[in-house]
Structure formats: C-alpha cells, structure tokens
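Participant: Sequence unavailable; structure follows:
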C-alpha cells in the first residue's frame, strides 16, 4: 500500500474516532458469486495466500486463523486446514472445543499450531505451580496430544478476576518454564479484551519471557499501538481477536458490494495494520471460512472498500463498548462491572449464546448486577469517552439476562 493510501485510510477512520477492528460475525452472505448458468464451472475455493512469522516461535502461520468456541464437528476445522489455515485458537472455557480438536490428532498434529487458554479463575496471587501444571495436563489429555504449541492465561486485564497481582505471581513463570522444559508446551501467552489489558500486557512484556499476546482489537479500539510495538521489538507474537465487528444484527446492506462483503473489507484493513502476526476470527460455517480466506494476503484497499468500512463504523460508533476501555468504570457508585455486563449482553443478543451469557451474569453478586442501574442517576454516561448511553444499555441487559 502506498504511503498516500495509508494516510487516507487512517485519516478517514480517525476522523470518526476509529483506530482498530472488531469481534466476530455480522451475519453476511458468503464471498463467492452465485453461478449464472448451469454449465458454468463451480467457483474455485479460496486459499490462504500469506503466511507470517509468529513472533519468535519459529512458526509461520496463516494471516487468517481459526476460532470457534462453539465448534462441535472437527470437519469444520479440517475444511479450514484444506483452505490453508494452520493456526487454531481454543480454551478450556470454550465448551468441548478442546475435545473436538483432539479428534484430529495425532494424524494431523504437525499440520497446525494449537493455542489453548486455561480457566481464568485459576490464576490468583495464591495459585501454585503445581495447580497450573495439573491444568496443562488436563488440556493435553482433552486435546489428545503430548504438547501444546502455546498455553495461555485467559482474560488478563479483567478487574473482576483480580488486580495485577494475579499475573505477577511468580508461580506462573515457574510452571510454564517447567512445562516447556518437559516438552508439554512450546510457549506461553495471555489473552485479554478486559479494560486493563494495556496495563497487564505491558507488565508481562516488560517483566517476563512471555511468547504471545492475544488482544481484543478492532477499528473502534484505541491505545494498543505502544503495546503491539513493544511486543514486536521483543519478538512476542501478536494474535488479534474480536477484530471484525461487534456481531451486531444490523442492516449492513448499504455497505456491501457484489462479490465482496463488509467483513472482507474490514479483514483487509486489519491485515494492513502493523505488528500483527495473525487475526483469529470466529468461523461457524464453511461459508464463513471461504469468506474470510478470500481476503487473505490483501492489504491494499480501494476507495469503495474504505467507504464500506466508514459506513459500517458509523452504525456502530455510538453503540459499541470497546475492548480495553475503562473510561466509565470509576464513575459507577455501585461497582457494577459495566464492561463485562455489556459483553454478556453481546453474547446473549448477537452470538447465539443466551444460556452462557445468563450463567455468567448469575455469577455476579446481586449487589453488582445492573438491577441497581434503574434507580441510578447514571454518572457513567457522562464519563463514556464514546458517548454511549450506558445506563440504558445496562438496564436492558439486566432485564434480558435474568429471564
């Protein structure tokens, strides 16, 4: 991409308060065109066109990588691998996804880089190295493998799980170092879309031998650029997640063009951002895989594609709670975990994960649920740097999540 086109792209987004890309699924059509006549040849399936070094791991991974917390059939991952994807993201928290991936092993173990995340609640200031080792062994068994390419701390930067002391526990580095030496893992990392992820990622990069970070980032997020640059300088891999949209069920038709979807335009923009090794995208169908893989290797954007992104951004700008933002949290007099509750509502309304969202909400003490927001004056609204009507969103979230 020329310098002029990069400048235009960044200016057009920054003018509307934009700087990254968003989470998974808008519900668009596939990338391929329908056949125009019965005798036409079927369209050629898209293939990954670019592989990038994954930090200092020694691996080159597809620029588009696979994530699907609800995957029940290994055939979906097999199809992604046929398209050239060689990186898969999972977690103990993602239902039985570890077990589903394990059905492909050992025969296809050397064909794919596997990252899994241990349960968020495991990591506290008191966690022992033995407890972490046990959790790694459990994931090895579920994945049906004798090694994990990267084992992660799940959800750093989330104040509801504890302060920075939870990741500063020396037992974490001790356990991961021992697992590396034993050949159980090849590297370790951390994921986050929490309001304190910048602080926690920065500490981990500066004070440990961490191999990979997985931040939630999208065209509506801000403030991660120094973290990504620091990771790059140290050889720490960067896997972006929640990078396409807010999964909103909105009318995007005005911003879709023939043979090219808004999600593909967003993917291309994300691929052009510096210091990112791969983008982990939720893919629930083979059509999803074809749509995203079709954008692999493309970083130059047309004027029309930039307009698609600007238009879609305008539909989300005053409605989407950004990963990594804590601008409103200190204003809440009741200690309501605003960021988390709005994320649960996103799962409920847009990800098809109603039961899971309700389970997460029920774990909150009643005093910290959004029921208290109905009688609150809503100081959080004035504190939101993006002008979201947070109080109304929280009241609606409470009504939906206690059904």
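Facilitator: Done, it's in. Keep in mind it's a predicted model, so treat the numbers as computed, not measured.

Participant: mind checking how far the residue lying closest to residue 387 once chain neighbours are set aside is from residue 220?
Facilitator: Spatially, and ignoring its direct neighbours in sequence, residue 387 is nearest to residue 318 (5.6 Å; CB to CB, 6 or more residues apart in numbering). Where you see a C-beta, it was placed from the backbone N, CA and C, and this is true even at glycine. As for residue 318, its distance to residue 220 is 10 Å (criterion: CB to CB, to the nearest Å).

Participant: go on, residue 102?
Facilitator: 35 Å.

Participant: of those two, who's got more company?
Facilitator: Legend: neighbour count by other CB atoms under 10 Å for residue 102 and residue 220, higher for residue 220 (26 against 21).

Participant: wait, is the more buried one part of a helix?
Facilitator: No: looking at residue 220 with DSSP: H, G, I helix; E, B strand; the rest coil, it is coil, so not inside a helix.

Participant: So what does it look like in phi/psi?
Facilitator: Here is the backbone geometry of residue 220 (degrees, to the nearest 10): phi -100, psi 0.

Participant: cool, residue 66 as well?
Facilitator: Dihedral angles (degrees, to the nearest 10) for residue 66: phi -100, psi 130.

Participant: So residue 340 sits against residue 158, correct?
Facilitator: Yes: Residue 340 lies in contact with residue 158 (CB atoms under 8 Å); the separation is 7.4 Å.

Participant: which SS state does residue 213 fall under?
Facilitator: Put simply, residue 213 is strand when judged by three-state DSSP.

Participant: how much space between it and residue 377?
Facilitator: For residue 213, the distance to residue 377 equals 38 Å [CB to CB].

Participant: What of residue 44?
Facilitator: Distance, residue 44 to residue 377, by CB to CB: 59 Å.

Participant: same check, this time on residue 106
Facilitator: 59 Å.

Participant: What of residue 66?
Facilitator: As defined by CB to CB, residue 66 lies at a distance of 45 Å from residue 377.

Participant: ok, now residue 244?
Facilitator: Distance of residue 244 to residue 377, given as CB to CB: 36 Å.

Participant: More neighbours: which of these two?
Facilitator: A side-by-side neighbour count of residue 244 and residue 377, using other CB under 10 Å, places residue 244 first with 29 against 10.

Participant: The more buried one touches residue 216, doesn't it?
Facilitator: No: counting by CB under 8 Å, residue 244 stays clear of residue 216, with 11.4 Å between them.

Participant: So residue 176, which state does it fall into?
Facilitator: Taking three-state DSSP, the label given to residue 176 is helix.

Participant: Do I have it right that it meets residue 133?
Facilitator: No: counting by CB under 8 Å, residue 176 stays clear of residue 133, with 9.4 Å between them.

Participant: Between those two, tell me which one has more neighbours.
Facilitator: residue 176 (26 against 18).

Participant: Need the three-state assignment for residue 296.
Facilitator: Classification of residue 296 by three-state DSSP places it in coil.

Participant: May I have the residues that are in contact with it?
Facilitator: Each residue near residue 296 by CB atoms under 8 Å, 6 or more residues apart in numbering is listed here: 46, 47, 48, 49, 50, 62, 63, 64, 84, 271.

Participant: what do you get for residue 335?
Facilitator: 367, 368.

Participant: if I've got this straight, it is in a helix?
Facilitator: No: with three-state DSSP as the criterion, residue 335 is assigned coil and is not in a helix.

Participant: hang on, the earlier thing: okay, now the residue nearest to residue 387: neighbour count?
Facilitator: Using other CB under 10 Å, the number of residues around residue 318 comes to 12.

Participant: Would you mind naming the helix or strand containing it?
Facilitator: For residue 318, there is no helix or strand it lies in under DSSP states H and E.

Participant: Hmm, it is touching residue 390, no?
Facilitator: No: checked against CB under 8 Å, the pair residue 318 and residue 390 is beyond contact range at 11.3 Å.

Participant: pLDDT below threshold where in the stretch 201-350 of the chain?
Facilitator: Applying pLDDT under 70 to the stretch 201-350 of the chain flags the ranges 245-260.

Participant: who's in contact with the residue nearest to residue 387?
Facilitator: 386, 387, 388.

Participant: shouldn't residue 62 be in contact with residue 50?
Facilitator: Yes: counting by CB under 8 Å, residue 50 is a contact partner of residue 62 at 7.5 Å.

Participant: And these two? Which one has more around it.
Facilitator: Neighbour count, other CB under 10 Å: between residue 62 and residue 50, residue 62 has more, with 26 against 16.

Participant: And the nearest residue to that one once chain neighbours are set aside, what's its pLDDT?
Facilitator: Once flanking residues are discounted, residue 62 sits nearest to residue 48: 4.4 Å by CB to CB, 6+ apart. pLDDT, residue 48: 98.

Participant: residues contacting residue 48?
Facilitator: Residue 48 neighbours (CB under 8 Å, 6+ apart): 62, 63, 64, 83, 84, 85, 86, 293, 296, 297.

Participant: Out of these, which sit inside helices?
Facilitator: residue 293 (DSSP state H).

Participant: Just list the residues touching residue 178, thanks.
Facilitator: Taking CB under 8 Å, 6+ apart, one finds 129, 133 in contact with residue 178.

Participant: Go ahead and confirm residue 92 touches residue 119.
Facilitator: Yes: at 5.1 Å, residue 92 counts as touching residue 119 under the criterion of CB under 8 Å.

Participant: Please, where are all the helices along the chain?
Facilitator: Using DSSP H, the helices of the chain run over 3-14, 74-82, 97-102, 129-143, 170-181, 197-207, 225-234, 262-271, 286-293, 303-316, 338-350, 354-362, 379-383, 390-401.

Participant: Using the record's assignment, carve this structure into domains.
Facilitator: 3-28+44-315, 329-401 (automatic domain parsing).

Participant: Any chance of TSV for those, columns distance to residue 323?
Facilitator: Shown next, in TSV, are the domains of the chain (distance: least, CB to CB, whole Å):
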stretch	distance to residue 323
domain 3-28+44-315	3
domain 329-401	8
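
Participant: pLDDT score assigned to the residue lying closest to residue 162 once chain neighbours are set aside?
Facilitator: Distances taken as CB to CB, 6+ apart put residue 124 closest to residue 162, at 6.1 Å, once the chain neighbours are dropped. Per-residue confidence at residue 124 stands at 96 (pLDDT).
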